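A.B. asks: next come a sequence and a model predicted from it.
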Amino acid sequence: MPVLEVSNLEVKLSPFTLRDISFTVSEGEFFLILGPSGAGKTVLLETLAGIHYPRRGKILLRGEDITFVPPEKRPIGIVYQDYALFPHLTVEENIRYALRFRRREANLSWRKLVDFLGIGHLLSRYPDTLSGGEKQRVALARALAASPRLLLLDEPLSALDPNLRGEVGGELMRLNRELGLTVIMVTHDFSEVFSYGKRVAVLFGGRLAQVGTPGEVFRKPASLEVAKFVGMENLIPLEREGSSWLLLGRRVNFVQNFPEEKFFAGARPEDVRVSRFPLPFPYSWEGEVMGMVNTGGMFKVEVKVGVIKLKAYLTGHQVVEEGLRAGEKVYIGFAAEHLCLVKA
Ligand SMILES: Nc1ncnc2c1ncn2[C@@H]1O[C@H](COP(=O)(O)OP(=O)(O)OP(=O)(O)O)[C@@H](O)[C@H]1O
């Protein structure tokens, strides 16, 4: 049985509405919610936590209907982006405050909780004397002290510096793995999707646009808006020729069953190759290098093919090896397995 089953949820917070939200999360899963700013990610988390009640739909936690159960009676912990610690309470008092709501046997003793998060030396301090990473750990301890069955995290890593981000992220994985705790985490960061999530839900304008593995969402986006959002920078309209579909003059076989639809061919720039020599791919063209930008580690190379600009990410090594320069005639292309079809 899934830990969480959300069906047909509708939440209205004038003027914003979260609509038709249905998904399930399994026991022990690390589930991510991704979407542009204002998509409703926080509203969704807050609805799961009981801060907003839906107009329609149901939330089941281990089969029990908790749709209208007040927040303090739900075995769900939430950690906010700004940690929301009580400034007038010490770290210890902040954490103990959460114990008031504990209904179940603790899955971590006080000592273990404090050791697990390495915050023993901070117990008598006040929140405004703590660093971002320390505050984050205290907020986690407070959420875990109530022994939640489900932990909700709203962009927990976004306020941390890059080194700390990896460290705290590792701790979240450890919580998930070692305590078997089910986690739902909101993020903006694509690298976090691949590092932490087994499945990811993409929210757009209050609706779920796609739920799938990171590989599915990033390589087989369900719509044009998801494709653009997840960085599928090459999106080329297919052209009809008799009973065939053409991608910049190359025949694409597997869309014949949808004669009336309008399609885009998508390819991620990191799957696209550029070379001064012909490429062994069914989708490859001759073009001219328009420009190259160092994006910090990778070079984004733009190649003009007819009126279309294709983009590829290459390493500095590849750029040097191929002797790429603006104005150079090159071949650009990608393997058949890297082509995805996106409905317009
Ligand atoms: N309590 C509220 N009352 C009315 N509108 C709200 C309330 N909370 C959020 N909203 C609105 O709902 C929409 C979604 O907000 P939400 O905070 O869920 O977005 P988000 O996807 O988490 O964005 P971000 O990535 O910027 O944090 C926004 O337009 C916001 O202004």
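C.D. replies: Perfect, thanks for sending it. Everything quoted here is computed from the prediction, not taken from an experiment.
A.B. asks: hey, let's count contacts and neighbours off CA atoms from now on
C.D. replies: Noted.
A.B. asks: quick one: contacts of the longest helix along the chain?
C.D. replies: As assigned by DSSP state H, the longest helix anywhere in the chain is helix 162-178. Under the criterion CA atoms under 8 Å, 6 or more residues apart in numbering, residues 28-30, 117, 133, 137, 157-158, 181-183, 196 lie in contact with helix 162-178.
A.B. asks: where do the helices sit along the stretch 51-200 of the chain?
C.D. replies: 91-99, 110-117, 132-145, 162-178, 190-196 (DSSP state H, counting those that start in this stretch).
A.B. asks: distance of residue 16 from residue 58?
C.D. replies: 19 Å (CA to CA, to the nearest Å).
A.B. asks: which of the two has more neighbours?
C.D. replies: More neighbours surround residue 58 than the other of residue 16 and residue 58, with 20 against 14 (other CA atoms under 10 Å).
A.B. asks: tell me the contacts of that one?
C.D. replies: With CA under 8 Å, 6+ apart, residue 58 has these contacts: 5-9, 65-67.
A.B. asks: and for residue 250?
C.D. replies: Contacts of residue 250 by CA under 8 Å, 6+ apart are 282-283.
A.B. asks: how much space between it and residue 329?
C.D. replies: From residue 250 to residue 329 the distance is 19 Å (CA to CA).
A.B. asks: quick check: next helix or strand after the lengthiest strand in the chain?
C.D. replies: The longest strand of the chain (DSSP state E) is strand 283-294. Reading on from strand 283-294 to the C-terminus, the next helix or strand found by DSSP states H and E is strand 298-305.
A.B. asks: who are the packing partners of the helix or strand just after that following strand?
C.D. replies: Using DSSP H and E, the helix or strand that follows strand 298-305 in sequence is strand 308-315. For strand 308-315, the elements it packs on are strand 234-237, strand 273-275, strand 298-305, judged by 3 or more CA pairs under 8 Å, 6 or more residues apart in numbering; DSSP states H and E.
A.B. asks: between those, which one is closest to the ligand.
C.D. replies: Ranking these by their distance to the ligand (criterion: CA to the nearest ligand atom) puts strand 234-237 first, at 24.9 Å.
A.B. asks: I'd like the next helix or strand past that closest one.
C.D. replies: Heading C-terminal from strand 234-237 (DSSP H and E), you reach strand 239-241.
A.B. asks: next, the buried residues of that following strand.
C.D. replies: residue 239 (16 or more other CA atoms under 10 Å).
A.B. asks: stretch 287-300 too?
C.D. replies: Buried-residue list, stretch 287-300, by 16+ other CA under 10 Å: 287-292, 298-300.
A.B. asks: next, count neighbours for residue 251.
C.D. replies: Residue 251: 16 surrounding residues under other CA under 10 Å.
A.B. asks: so what's it up against?
C.D. replies: By CA under 8 Å, 6+ apart, the neighbours of residue 251 are 244-245.
A.B. asks: ok, whatever helix or strand it lives in: who's next to it in the sheet?
C.D. replies: Using DSSP H and E, residue 251 maps to strand 250-252. Here strand 250-252 is paired, per DSSP bridges, with strand 244-247 (antiparallel).
A.B. asks: make CSV from the helices and strands packed on strand 308-315 and add mean pLDDT and distance to residue 43 to it.
C.D. replies: Listed next are the helices and strands packed on strand 308-315 as CSV, based on pLDDT from 0 to 100; distance: least, CA to CA, whole Å:
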stretch, mean pLDDT, distance to residue 43
strand 234-237, 93, 31
strand 273-275, 95, 41
strand 298-305, 94, 36
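A.B. asks: export those as a markdown table, with columns for distance to residue 281.
C.D. replies: Putting these into a markdown table (distance: least, CA to CA, whole Å) gives the following:
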| stretch | distance to residue 281 |
| --- | --- |
| strand 234-237 | 16 |
| strand 273-275 | 10 |
| strand 298-305 | 16 |
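A.B. asks: could you redo these as CSV and give each row distance to the ligand?
C.D. replies: Below are the helices and strands packed on strand 308-315 laid out as CSV (distance: least, CA to the nearest ligand atom, whole Å):
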stretch, distance to the ligand
strand 234-237, 25
strand 273-275, 33
strand 298-305, 26
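A.B. asks: out of the helices of the stretch 51-200 of the chain, which is the most enclosed?
C.D. replies: Of all those, helix 132-145 has the most neighbours on average by mean count of other CA atoms under 10 Å, namely a mean of 23.
A.B. asks: tell me what angle that helix forms with helix 110-117.
C.D. replies: 140 degrees (axes from the mean of the first three to the mean of the last three CA atoms, to 10 degrees).
A.B. asks: so what touches helix 132-145?
C.D. replies: Contacts to helix 132-145, defined as CA under 8 Å, 6+ apart, come from residues 77-79, 83-85, 91, 94-99, 102, 106, 108, 110, 113-114, 117, 119, 127, 151, 156, 159-160, 164, 168.
A.B. asks: now stretch 61-79
C.D. replies: By CA under 8 Å, 6+ apart, stretch 61-79 touches 1-5, 49-51, 53-54, 58-60, 101, 103, 139-140, 143-144, 146-154, 156.
A.B. asks: same thing but 7 Å
C.D. replies: When contacts are defined by CA atoms under 7 Å, 6 or more residues apart in numbering, stretch 61-79 is touched by residues 1-5, 49-51, 53, 58-60, 101, 139-140, 143-144, 148-154.
A.B. asks: rewinding a little: packing partners of the longest strand of the chain?
C.D. replies: Contacts defined by 3 or more CA pairs under 7 Å, 6 or more residues apart in numbering; DSSP states H and E place strand 283-294 against strand 298-305, strand 329-334.
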